[in-house]
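Chemist: The following comprises the amino acid sequence and a computationally predicted model.
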Number of protein chains: 2
Amino acid sequence: MDNEKVIIDKGSILPLYHQLKVHIESNIESGRWSPGTLIPSERELGETGNISRMTVRQAINELVNEGKLYSVRGKGTFVSRPKIEQGLSTLTSFSQDMRKRGMRPGAKMIEAFTHEAGEKIAKELDISVEDKVYDMYRLRLADDEPMALERSMIPMDLVPGIEKESMEDRSLYEILYRKYGLEFHEAKQTIQAVLLHAKEAEMLRVPMDSPAMMTERVSYLNSGRTFEYVRSYYRADRYQYSIYLNQAE
Amino acid sequence: MDNEKVIIDKGSILPLYHQLKVHIESNIESGRWSPGTLIPSERELGETGNISRMTVRQAINELVNEGKLYSVRGKGTFVSRPKIEQGLSTLTSFSQDMRKRGMRPGAKMIEAFTHEAGEKIAKELDISVEDKVYDMYRLRLADDEPMALERSMIPMDLVPGIEKESMEDRSLYEILYRKYGLEFHEAKQTIQAVLLHAKEAEMLRVPMDSPAMMTERVSYLNSGRTFEYVRSYYRADRYQYSIYLNQAE
DNA sequence: CAGTGGTCTAGACCACGAG
DNA sequence: TCGTGGTCTAGACCACTGA
């Protein structure tokens, strides 16, 4: 018997609608509310949690937008059928990606310094040729074994003082979020197959001319400003890229 | 002088928030509010249109969700920079893909026959090991030059009589749609970097051990049934994969 | 400090679905 | 007819930004 007496804690720092949202999500994930289930009405959820209907609606709206629920006027709100795994084409950091694959992410700094953008980088980052960029070159590890070489460039004005941060074994994105409040929500990425040159192959501890996947990514902040340019080389023997495709329209 | 006297018509059948949404969108699309512009505050929009702030928020919320606006607490709401091209991660056929890249697609049949699925294919297509599949192996051309090797397998019961169709230089998906009414809307794909063996390299007219991108795709019908399994080898010197990424959540 | 967006309330009327 | 979600109001307090 799982008693769900207290759904909403008005003393919490978390918004009430967020608490309700989490509560609904847990009912879905646990299977208590299976796909197709009619969930309690908005008025009922409001009474149960002792919150107003508009607040309930905010929680439900977000879940509808995320595709977890769908509403039918005059009938009610239902749990959606599960899609094929979500998020295969979502934006993730190396660290998140490796954790999802069940491996422990790590990083070894190769070099990090600040320099003028130059023509190619200026174009990618949509800044002036003379603008400074923070340039960080790291060997990325998965379970302590080399997995990829990753070179990130960020306009220096977005991350003043970043050169004083320690990046060894830390997620760049976590630092960017926590220290600079930077969050992006979209990126454009290209992927190609290449052969590794001697130096790169050595760092990745594979034979020269081994195949690799080269990815180039340009990320954008919510404001639309270009935020980073990253070029990575992934060992083909350890890495494969997965993606979920939707039919347009 | 563009007088915007009447923004909201309370007599309209259209919801007030929808009218305001359209009004904001037209200001963005016309360029009156360019990217980065601070738009009027929620309270101000409410007064101007003589509607409540909650209604204004509904309009703005939807536009924020669509990525056209972004809000910053304590500062205001701003027009987003225009998005990167959409649909880079949508499901396309080889033919569509090549046309989008400005090249003329083509195909040369290598072999096509029917056989029992076997263990691996049965698993990918979610059918029985003894079920028949249609197996088609083609060289794909772009502007008459080899671009990829493509091997498609489809459960035979979905496409009876397909062996009588001519597939040379024709889009498989077009035939499937026109003759069998088959349409899919989602797929799962993996991508890896590989080296080409002698035989494949020869067909693609590149040196042996050239790099290539191998993709594996499993497509699903609207009903959820697995529909095809495709393995392709793309010449790395001619092909690069582009994808648009969204931040989850 | 004033102004902004973020959250929340306690009502209200409507259109729609089903019995 | 009753219950549902869809829309809307007129307030309120909060946390945050910037002067």
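Modeler: Yep, it's here. Numbering: from 1, shown residues only, chains lettered A, B, ... in the order given.

Chemist: who in chain A is up against DNA strand D?
Modeler: Contacts of chain A with DNA strand D, taken as Cβ under 7 Å from any atom of the strand, map to A:39, A:41-44, A:53-54, A:57, A:71-77. To be clear about C-beta, it is placed using only N, CA and C from the backbone, and glycine gets the same treatment.

Chemist: Weed out the non-buried ones from those residues.
Modeler: Among these, those scoring as buried are A:39, A:42, A:57, A:77 (criterion: 16 or more other Cβ atoms under 10 Å in any protein chain shown).

Chemist: want to throw the residues you listed into a markdown table with distance to chain B?
Modeler: Formatted as a markdown table, these follow (distance: Cβ to the nearest Cβ, whole Å):
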| residue | distance to chain B |
| --- | --- |
| A:I39 | 21 |
| A:E42 | 15 |
| A:R57 | 10 |
| A:T77 | 18 |
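
Chemist: Which of the residues of chain A next to DNA strand D fall within helices?
Modeler: A:42-44, A:53-54, A:57 (DSSP state H).

Chemist: So, low pLDDT: which residues of chain A?
Modeler: Filtered on pLDDT under 70, chain A yields the residue ranges A:1-6, A:82-91, A:167-170, A:177-179, A:181-183, A:222-223, A:246-249.

Chemist: Pick out the residue nearest the middle of it.
Modeler: A:T92 (3.5 Å; Cα atoms, centre = their mean).

Chemist: and the ones in helices among the residues of chain A next to DNA strand D near DNA strand C, which?
Modeler: Okay, of these touching DNA strand C (Cβ under 7 Å from any atom of the strand), that's A:53-54.

Chemist: hmm, which two among the ones in helices among the residues of chain A next to DNA strand D are most spread apart?
Modeler: A:E44 and A:M54 (14.8 Å; Cβ to Cβ).

Chemist: Tell me the residue in chain A that is farthest from the middle.
Modeler: A:G74 (36.9 Å).

Chemist: mind checking the end-to-end distance for stretch A:109-122?
Modeler: Using Cα to Cα, to the nearest Å, the end-to-end distance of stretch A:109-122 comes to 24 Å.

Chemist: Would you mind listing the outside residues contacting it?
Modeler: A:125, A:127-139, A:149, A:153, A:155-156, A:163, A:167-168, A:203, A:229 (Cβ atoms under 8 Å, 6 or more residues apart in numbering or on different chains).

Chemist: just the buried members of those?
Modeler: If we count by 16+ other Cβ under 10 Å, those have these buried: A:125, A:127, A:131, A:133-139, A:149, A:153, A:155-156, A:167, A:203, A:229.

Chemist: residue ranges for the strands of chain A, please.
Modeler: A:69-72, A:76-79, A:105-116, A:132-142, A:145-155, A:184-195, A:211-221, A:226-235, A:241-246 (DSSP state E).

Chemist: right, so of these, which gets closest to B:R225?
Modeler: Closest among the strands of chain A, using Cβ to Cβ: strand A:241-246, at 16.6 Å.

Chemist: And the closest one, what does it pack against?
Modeler: When contacts are defined as 3 or more Cβ pairs under 8 Å, 6 or more residues apart in numbering or on different chains; DSSP states H and E, strand A:241-246 sits against strand B:184-195.

Chemist: let's go with 10 Å and repeat that
Modeler: helix A:94-100, strand A:184-195, strand B:184-195, strand B:211-221, strand B:241-246 (3 or more Cβ pairs under 10 Å, 6 or more residues apart in numbering or on different chains; DSSP states H and E).

Chemist: Pick out whichever of the residues of chain A next to DNA strand D sits closest to chain B.
Modeler: The nearest member of these to chain B, counting by Cβ to the nearest Cβ, is A:M54 at 7.4 Å.

Chemist: quick one: contacts for the closest one?
Modeler: The neighbours of A:M54, taking Cβ atoms under 10 Å, 6 or more residues apart in numbering or on different chains as the test, are A:17, A:42, A:46, B:54.

Chemist: Could you check how far it is from B:R53?
Modeler: For A:M54, the distance to B:R53 equals 12 Å [Cβ to Cβ, to the nearest Å].

Chemist: for A:F78, same thing?
Modeler: Counting by Cβ to Cβ - A:F78 and B:R53 are separated by 31 Å.

Chemist: Please apply the same query to A:V218.
Modeler: Where B:R53 is concerned, A:V218 sits at a distance of 37 Å (Cβ to Cβ).

Chemist: do A:L172 as well
Modeler: 39 Å.

Chemist: Nearest spatial neighbour of A:L141, chain-adjacent residues omitted?
Modeler: In space, and not counting its chain neighbours, A:L141 is closest to A:G106: 3.6 Å by Cβ to Cβ, 6 or more residues apart in numbering or on different chains.

Chemist: My error: substitute A:E42 in the last question.
Modeler: That would be A:V56: by Cβ to Cβ, 6+ apart, it lies 4.8 Å from A:E42.

Chemist: go on, A:R140?
Modeler: Per Cβ to Cβ, 6+ apart, closest to A:R140 is A:A148, 4.4 Å.

Chemist: who's in contact with the one you found?
Modeler: Counting by Cβ under 10 Å, 6+ apart, A:A148 makes contact with A:94, A:97-98, A:107, A:138-142, A:204, A:212-215, A:232-235, A:238-239.

Chemist: For chain A, give the residue positioned nearest to chain B.
Modeler: Counting by Cβ to the nearest Cβ, chain A gets nearest chain B through A:G224, at 2.1 Å.

Chemist: residues in contact with that residue?
Modeler: With Cβ under 10 Å, 6+ apart, A:G224 has these contacts: A:126, A:186, B:35-36, B:67, B:70, B:78-84.

Chemist: Recalculate using a threshold of 7 Å.
Modeler: B:35, B:80-81 (Cβ atoms under 7 Å, 6 or more residues apart in numbering or on different chains).

Chemist: One more: A:V64?
Modeler: So A:V64 contacts A:70-71 (Cβ under 7 Å, 6+ apart).

Chemist: can you check A:E25 too?
Modeler: A:K68.

Chemist: Just want to check the distance between it and DNA strand C.
Modeler: 16 Å (Cβ to the nearest atom of the strand, to the nearest Å).

Chemist: domains in chain A, as residue ranges please.
Modeler: Annotated domains of chain A cover A:16-79, A:94-235 [automatic domain parsing].

Chemist: Of those domains, give the one that comes closest to B:L182.
Modeler: Comparing the domains of chain A by Cβ to Cβ, domain A:16-79 comes nearest, at 24.5 Å.

Chemist: got the end-to-end distance for the closest one?
Modeler: 21 Å.

Chemist: So which bits of chain A are right by DNA strand C?
Modeler: With Cβ under 7 Å from any atom of the strand as the criterion, chain A meets DNA strand C at residues A:15-18, A:50-55, A:58, A:72-75.

Chemist: Out of those, which two sit at the greatest distance?
Modeler: Checking the residues of chain A next to DNA strand C with Cβ to Cβ, the most distant pair is A:P15 and A:G74, at 29.0 Å.

Chemist: Report the contact partners of the spatially closest residue to A:R57 that is not a sequence neighbour.
Modeler: Sequence neighbours aside, A:E42 is the residue nearest to A:R57 in space, at 6.0 Å (criterion: Cβ to Cβ, 6+ apart). Contact analysis of A:E42 by Cβ under 7 Å, 6+ apart lists A:53, A:56-57, A:60.

Chemist: same thing but 6 Å
Modeler: Contacts for A:E42 (Cβ atoms under 6 Å, 6 or more residues apart in numbering or on different chains) come out as A:53, A:56-57.

Chemist: ok, so of these, who is nearest DNA strand C?
Modeler: Within the contacts of A:E42, distances to DNA strand C taken as Cβ to the nearest atom of the strand reach their minimum at A:R53, with 5.4 Å.

Chemist: Was I right to think the closest one contacts A:G46?
Modeler: Yes. With contacts counted by Cβ atoms under 6 Å, A:R53 reaches A:G46, the gap being 4.7 Å.
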